[in-house]
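Asks: Sequence and predicted model, in that order:
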Amino acid sequence: MSSIKTINPATGEVLKEYPEMTSGEVSEIIAQADKTFKEWRKKSFSERAKVLYNAARIMRERKEELGKLCSIEMGKLHREGIAEVELCAGIFEYYAENGEKLLADKPLETPHGKAFLSYEPIGVILSVQPWNFPFYQTTRSAAPNLIVGNTIVLKHASNVPQAGEMMEKILLEAGAPKGVYTNIFVPGSKVSEILDDPRVKGAALTGSEPAGASFASAAGKNVKKSILELGGSDAFIVMPDADLVGNIEGKGVFGGKTLFLAGEKSNYILPEDEILIREKFPDSQIVKIKNAGHWLQVDNSQDFNNSVKDFLIKG
């Protein structure tokens, strides 16, 4: 049974399942990405920017559909999914508009002769991205690499496979040649094997510290450039003068940090979010906190008003 599947977090229903790709299939995809790179890097900035502009337009045109996909794959509120898609469109447009300027040669002062700093594409980039922002995470990795002339092989989180597949389809529809951006269906255990491939020239990962350590080790062993954004969440310390009830409503640091910026945008309070209360608060306030979940929701494709209030009450 494949680990790569869409499970609606609101219902537990398996909506779609993908077979894991074989090493041979992945190798063929990397070969295509490497072949395409040799031509993609020669494209002018305006040609590459056109693909990014088109991707932005397509995402805006399909934001309702894409927002709904966020909901059924990882539980994000529909309106938040739409906002994420709009943000992605803006990122594509930013690099389309500013890429050539940002990557222009920069002269360097030197006492002898002339020198300048030049930015050049390096080849196939492996992008390993998490589930919490299924379109934003892939977009912020894709846009700058595509405008500079790299090609990308995406390994998305195994619980948001449709989002990964959709991003590839969007870029193909936007005019990207085959091999410029390709999604692969493999478990995390296969990532080191991909990094061993000499045709992969760089890698980027957003994930946990243990995953990052393993990823960096594999990249370092192969002397490949890597960029890591590693998750984690500091303890949340509640001081005696805190407006505990006001903050639980999401208007302050408690609601914002624990339910939105805890390293995972899941609409749940995660187990790793440690909340330390220095002084004992009155029972009346604790009851109010437990009852404050009326504004928390997890979406699914049938009903966009399912409350996760029970998570607070049971917790």
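Replies: Thanks, I have the structure now. Here the structure is a predicted model, which means the values were calculated and not measured.

Asks: for the chain, longest strand please?
Replies: Determined from DSSP state E, the single longest strand within the chain is strand 200-207.

Asks: in what helix or strand does the nearest residue to Leu52 once chain neighbours are set aside lie?
Replies: The shortest distance from Leu52 to any non-neighbouring residue, by Cβ to Cβ, 6 or more residues apart in numbering, is to Ala96 (3.8 Å). All C-beta spots, glycine's among them, are computed from the backbone N, C-alpha and C. Using DSSP states H and E, the element containing Ala96 is helix 78-102.

Asks: which strands and helices sit next to the helix or strand that that helix is followed by?
Replies: Next helix or strand after helix 78-102 toward the C-terminus (DSSP H and E): strand 106-108. If contacts are counted by 3 or more Cβ pairs under 8 Å, 6 or more residues apart in numbering; DSSP states H and E, strand 106-108 sits against strand 115-117.

Asks: contacting residues around the residue of the chain most remote from its centre?
Replies: Farthest-out residue of the chain from its mean C-alpha position, per Cα atoms, centre = their mean: His112, at 45.1 Å. Applying Cβ atoms under 8 Å, 6 or more residues apart in numbering to His112 gives no contacts.

Asks: residues near Ile152, how many?
Replies: 26 (other Cβ atoms under 10 Å).

Asks: same thing with the one 4 residues further on?
Replies: Look at His156: counted by other Cβ under 10 Å, it has 27 neighbours.

Asks: From Ser158, how far off is Leu230?
Replies: From Leu230 across to Ser158, the span is 19 Å (Cβ to Cβ, to the nearest Å).

Asks: out of the two, which sits in the more crowded spot?
Replies: Taking other Cβ under 10 Å, Leu230 and Ser158 do not tie; Ser158 has more neighbours (19 against 16).

Asks: now the helix or strand Gly164 falls within and helix 78-102, what's the angle there?
Replies: Following DSSP H and E, one finds Gly164 within helix 161-173. On the basis of axes from the mean of the first three to the mean of the last three Cα atoms, to 10 degrees, helix 161-173 is oriented at 40 degrees to helix 78-102.

Asks: and after helix 161-173, which helix or strand comes next?
Replies: Assigned by DSSP H and E, the successor of helix 161-173 is strand 181-184.

Asks: And that following strand, what does it pack against?
Replies: Looks like strand 181-184 contacts helix 23-40, strand 151-156, helix 161-173 (3+ Cβ pairs under 8 Å, 6+ apart).

Asks: and the second one with helix 161-173, angle?
Replies: In other words, strand 151-156. 160 degrees.

Asks: what residues are up against the closest residue in space to Pro121 that isn't next to it in sequence?
Replies: Sequence neighbours aside, Gly149 is the residue nearest to Pro121 in space, at 3.4 Å (criterion: Cβ to Cβ, 6+ apart). Residues in contact with Gly149 (Cβ under 8 Å, 6+ apart) are 37, 40-43, 48, 120-121.

Asks: One more: Val85?
Replies: So Val85 contacts 59-60, 62-63, 66-67, 70, 135 (Cβ under 8 Å, 6+ apart).

Asks: and those, which two are the farthest apart?
Replies: For those, the farthest-apart pair by Cβ to Cβ is Arg60 and Cys70; their separation is 15.2 Å.

Asks: more neighbours, the two?
Replies: Set side by side, Arg60 and Cys70 show more neighbours around Cys70, with 28 against 17, by other Cβ under 10 Å.

Asks: Cool, thanks, talk later.
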